[in-house]
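1. no sequence for this one, just the structure:
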């Protein structure tokens, strides 16, 4: 098994320490940072995402895999920067105003980062003004909005309306998700994409940046 | 018939005069909404708790027969609980608060939501052995023996509704102590026996609590667990791991309950539960609650087909209809009639009624559901 496959395998099993050691070893053996990222870390997270989507693994397996990915990225990041490897794109993510739930949002963030996309996390209880500012300041091309409650899901529409009012709607794609969200609701509020789960969100985000 | 008789008859496939109008409480914000609209008093809005005197007063105003959440039991909390205290106030006013489980939560002023979990203490064996294990032991103080010795005369015989014994929670409360992230790490971190030790310790105490209450001779119509270990995407943890950790405990708890004549055992779990259903069912749980239509769809019928008449249900009423109009409520009642016709099923809103629920529609639903003959 190549060291890149081994990184992918260990990541899928959530072995953070071993992933760190293997990334260090791969760098020492002169593997390119881009290959370590794409064929090791991202390949492993992709596999976890697929298994999650197929209900073969569950939230804990995704969380420990993401923790392992972060451990590997921590070692790899300086090499990525010095070799000029850029993220696939930049996304903003948040839970909408009035909603403090962050597990779903964090899962989506981990899965999107696992696709090599930079994900700027605005946190929870985030209102339209904050999102508009963040889009202006960061130039992110994707906005991901989470809501867990039927009482807060309308916050997604408020953010889309604010993006329209600020003249930014054409510059970003908006993805929505969360327990009460449906495709029908996403269509009604003018979102570009509804993600039924974290793995689907990551696939859609990658597809968007590869368009 | 009393509400107790009609409920128990329906859940035992025996004749009953009609359906009972059953609910599962309210979001506090809805009660304040109704008070602001002049539908109920401010006092009721503030003081309603599941099945307390104020809840029963509101039942009468609305036309409900009773709240399913009507249980009694020993205290299964950490003993003593962790001190609830503000750890830090952040510049935006968000408070970091240590709750009674030892979890640090972020609470933001003006935000009505379940607090966000920020950190937790139960991370390793040292924390378990020193901070949690001593708090998870059985002490006689957990059981109000005087109350339960006179329970039948003072409580059970005076109520006309089914009365439950709280069976506790095998994993849900532990998830509350660790947060989902912490639970996930406990499953996979080096000390692989730690989570099993935590579950076993907590379950042993709860079993003893259950046994002590039952030994007093107090009568109960059903037992009720709370778990909440599923979400929109299915179980929060793998069914295999859940079964390995929890299956044996459900079995022994439910065997004990049945030895004391309690054959109706309900379990409250939100979300998409179908992958955990076989574990609960095979280990003695036989009433699913609240059967969230919004996320689980109309699957109770499928579960009945799969598991047979032993699979009972309370819930499954899409509460969103109560935010809409009479036509939506009528349509929902028509849909429910099909499930009621299966037998062993009692409709109940599929979780607490939420802000935006229309008072008159709830009254209308309660009135109409009682017209359904069995």
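-> Sure, I can see it. None of the values given here were measured: they were computed from a predicted structure.

2. let me see the contact set for the spatially closest residue to residue B:121 that is not a sequence neighbour.
-> In this structure, residue B:121 finds its nearest non-sequential neighbour in residue B:102, 4.0 Å apart by C-beta to C-beta, 6 or more residues apart in numbering or on different chains. Glycine gets a C-beta too; all of them are placed from N, C-alpha and C. Counting by C-beta atoms under 8 Å, 6 or more residues apart in numbering or on different chains, residue B:102 touches B:78, B:82, B:120, B:121, B:122, B:131, B:132, B:177.

3. what about residue B:102, distance to residue B:189?
-> Here the criterion is C-beta to C-beta, to the nearest Å. By it, residue B:102 lies 18 Å from residue B:189.

4. cool, and residue B:145?
-> Counting by C-beta to C-beta, the separation of residue B:145 from residue B:189 is 40 Å.

5. again, but for residue B:224
-> Per C-beta to C-beta, residue B:224 is found 33 Å from residue B:189.

6. between these two, who's got more neighbours?
-> Using other C-beta atoms under 10 Å in any protein chain shown as the criterion, residue B:224 and residue B:189 rank with residue B:224 on top: 24 against 17.

7. sorry, back to before: sort out which of the contacts of residue B:102 are buried, if you could.
-> Among the contacts of residue B:102, those classed as buried by 16 or more other C-beta atoms under 10 Å in any protein chain shown are B:78, B:82, B:120, B:121, B:122, B:132, B:177.

8. any chance of a markdown table for those residues, columns secondary structure and distance to residue B:349?
-> Conversion of those to a markdown table gives the following (DSSP: H, G, I helix; E, B strand; the rest coil; distance: C-beta to C-beta, whole Å):
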| residue | secondary structure | distance to residue B:349 |
| --- | --- | --- |
| B:78 | coil | 31 |
| B:82 | coil | 33 |
| B:120 | strand | 32 |
| B:121 | coil | 36 |
| B:122 | coil | 34 |
| B:132 | helix | 35 |
| B:177 | helix | 29 |
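
9. pick out the most distant pair among those residues.
-> Pairwise distances across the buried ones among the contacts of residue B:102 peak at 12.9 Å for B:78 and B:120 (criterion: C-beta to C-beta).

10. hmm, who's touching the helix or strand bottoming out on mean pLDDT in chain A?
-> None of the helices or strands of chain A scores lower by mean pLDDT, DSSP states H and E than helix A:103-113, at a mean of 91. Helix A:103-113 has contacts (C-beta under 8 Å, 6+ apart) with A:45, A:49, A:52, A:59, A:62-63, A:66, A:69, A:91, A:93-95, A:119, A:121, A:124, A:144, A:146, A:148, A:177-179, A:195, A:198-199, A:201-202, A:205, B:180-181, B:231.

11. select from these every entry located in helices.
-> A:45, A:49, A:52, A:59, A:62-63, A:66, A:69, A:198-199, A:201-202, A:205, B:180-181 (DSSP state H).

12. is there a neighbour count for the closest residue to chain A within chain B? I'd like the number.
-> Here the residue of chain B nearest chain A is residue B:184; by C-beta to the nearest C-beta that distance is 3.4 Å. Number of residues near residue B:184 (other C-beta under 10 Å) recorded here: 24.

13. and whatever helix or strand residue B:176 lives in, what does it pack against?
-> Assigned by DSSP states H and E, residue B:176 falls within helix B:172-188. Counting by 3 or more C-beta pairs under 8 Å, 6 or more residues apart in numbering or on different chains; DSSP states H and E, the packing neighbours recorded for helix B:172-188 are helix A:59-82, helix A:103-113, strand B:103-107, strand B:116-120, helix B:194-215.

14. show me what that helix is in contact with.
-> Residues outside helix B:172-188 that contact it (C-beta under 8 Å, 6+ apart): A:14, A:59-61, A:63-64, A:67, A:103, A:106, B:76, B:78, B:101-103, B:117, B:120, B:122-123, B:132, B:194-195, B:198-199, B:202, B:226-229, B:236-237, B:241, B:269.

15. dump the residue contacts of residue 201.
-> The chain I'm using is chain A. Residues near residue A:201 by C-beta under 8 Å, 6+ apart: A:108, A:111, A:112, A:144, A:175, A:177, A:195.

16. should've been chain B
-> The contact partners of residue B:201, taken as C-beta under 8 Å, 6+ apart, are B:133, B:136.

17. reduced to three states, what does the closest residue to residue B:221 other than its chain neighbours come out as?
-> Once flanking residues are discounted, residue B:221 sits nearest to residue B:162: 4.1 Å by C-beta to C-beta, 6+ apart. Following DSSP: H, G, I helix; E, B strand; the rest coil, residue B:162 is assigned to coil.

18. and chain B, which residues reach chain A?
-> Within reach of chain A by C-beta under 8 Å from any C-beta of the partner chain, chain B has these residues: B:27, B:29, B:106-108, B:111-116, B:180-181, B:183-185, B:187-188, B:231-238, B:241, B:275, B:294-295, B:320, B:354-356.

19. repeat the analysis, applying 6 Å as the threshold.
-> Residues of chain B lying close to chain A (C-beta under 6 Å from any C-beta of the partner chain) are B:108, B:111, B:113, B:115-116, B:180-181, B:184, B:187-188, B:232-234, B:236-238, B:354-355.

20. pLDDT at residue 132, what is it?
-> Went with chain A since none was named. Listed pLDDT for residue A:132 reads 98.

21. actually chain B
-> So residue B:132 comes in at 98 (pLDDT).

22. swap in the one 4 residues further on?
-> Reading off the confidence values, residue B:136 has pLDDT 98.

23. how deep is it tucked in, by neighbour count?
-> By the measure other C-beta under 10 Å, the count of residues near residue B:136 is 21.

24. quick one, what contacts it?
-> When contacts are counted by C-beta atoms under 6 Å, 6 or more residues apart in numbering or on different chains, residue B:136 touches B:201, B:202, B:205.

25. in space, what's closest to the last one - neighbours in sequence excluded?
-> Leaving aside its sequence neighbours, residue B:205 sits nearest to residue B:138 (C-beta to C-beta, 6+ apart; 4.8 Å).

26. residue A:32 now?
-> Once flanking residues are discounted, residue A:32 sits nearest to residue A:83: 7.0 Å by C-beta to C-beta, 6+ apart.

27. how far away is the one you found from chain B?
-> To chain B, residue A:83 is 32 Å away according to C-beta to the nearest C-beta, to the nearest Å.

28. isn't that residue up against residue A:33?
-> Yes: at 4.9 Å, residue A:83 counts as touching residue A:33 under the criterion of C-beta atoms under 6 Å.

29. which one's more surrounded, those two?
-> Each of residue A:83 and residue A:33 has its neighbours counted (other C-beta under 10 Å); residue A:33 has more, 20 against 10.

30. and for that one, nearest residue in space, chain neighbours not counted?
-> Looking at residue A:33 with C-beta to C-beta, 6+ apart, the closest residue is residue A:79, at 4.1 Å.

31. give me the distance between that neighbour and chain B.
-> Going from residue A:79 to chain B by C-beta to the nearest C-beta gives 27 Å.
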